[in-house]
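Student: Predicted structure and sequence below. I'll ask about it afterward.
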Amino acid sequence: MGLYDDEIRKLQRTLADEQNELASRRAKLDADERDMETMKDEYRIGKLIIRASVGTVLALVLLIGGCAGLKPQYKLYQANVEKQAQIAESRAKAEAAKYEANAERTRAQGVADANKIVASSITDQYIRWLYVDQMDRLQGQVIYIPTEGGLPILEAGKRGTTTEG
């Protein structure tokens, strides 16, 4: 067993827990998006019902107004009905916009939470584990390690010498 096996297992468990948390948050975000699509569909249906109702009322008014000779009153009534239909449609649009904004906030919060999870999982211990893991895989190869100044430690003595006999 290696020197860092316990530490590696601990980091692997932590990473698995954080991946599970991230999957859970993604599932909630997907559910919120499905709810938003349902609300949009309900808004569209309500809009169609309002238009159909306005059309029916207008048709009835035309029949009644035409038969009774009440054209000036009909025009006033028609304007009032159209105004009320526009108000209802505007209210429906405003409500849909509120739901869409709420869904966007929820999505953004999910992304922010996921980013926090990922950012918090990158620790010095994890980086050390990656370093040790890489060292195990690269046995026998030359490795240049950067120093504080960003310059590699050179192996000039080993590479430049030849043995003559």
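Tutor: Sure, I can see it.
Student: The residue most central in space within the chain and Glu82: what is the separation?
Tutor: Centroid-nearest residue in the chain: Arg107, 4.2 Å away (criterion: CA atoms, centre = their mean). As judged by CB to CB, to the nearest Å, Arg107 and Glu82 stand 37 Å apart. (C-beta placed from N, C-alpha, C; glycine too.)
Student: Same check on Met135?
Tutor: Distance from Met135 to Glu82, by CB to CB: 77 Å.
Student: ok so, going back, quick one, grab the pLDDT at the residue nearest to the centre of the chain.
Tutor: Looking at Arg107, its pLDDT reads 88.
Student: my guess is it meets Ala31, correct?
Tutor: No. Between Arg107 and Ala31 there is no contact under CB atoms under 8 Å: 11.6 Å.
Student: so where's this structure uncertain?
Tutor: 1-3, 61-62, 64-72, 140, 143-146, 150-165 (pLDDT under 70).
Student: can you give me the helices for it?
Tutor: With DSSP state H as the criterion, the chain has helices at 5-68, 71-121, 124-137, 156-160.
Student: mind checking which of those helices is nearest Gly149?
Tutor: Minimum separation from Gly149 across the helices of the chain (CB to CB) falls at helix 156-160, 16.8 Å.
Student: Just give the nearest non-adjacent residue to the residue nearest to the centre of the chain, would you?
Tutor: In this structure, Arg107 finds its nearest non-sequential neighbour in Leu29, 6.0 Å apart by CB to CB, 6 or more residues apart in numbering.
Student: and the one you found, how many residues sit next to it?
Tutor: Per other CB atoms under 10 Å, the neighbour tally for Leu29 reads 19.
Student: Okay, it and Lys40: tell me how far apart.
Tutor: In this view, Leu29 and Lys40 are 17 Å apart by CB to CB.
Student: With Gly149 instead?
Tutor: 57 Å.
Student: In terms of neighbours, single out the busier of the two.
Tutor: Taking neighbours as other CB under 10 Å, Gly149 and Lys40 compare with Lys40 leading, 14 against 6.
Student: wait, doesn't that one sit right on Ala97?
Tutor: No. Under the criterion of CB under 8 Å, Lys40 makes no contact with Ala97, lying 11.0 Å away.
Student: Can you pull the phi/psi pair for Thr123?
Tutor: phi -110, psi 170 (degrees, to the nearest 10).
Student: Would you mind measuring from it to Ile45?
Tutor: To Ile45, Thr123 is 51 Å away according to CB to CB.
Student: How about Gln134?
Tutor: Distance, Gln134 to Ile45, using CB to CB: 58 Å.
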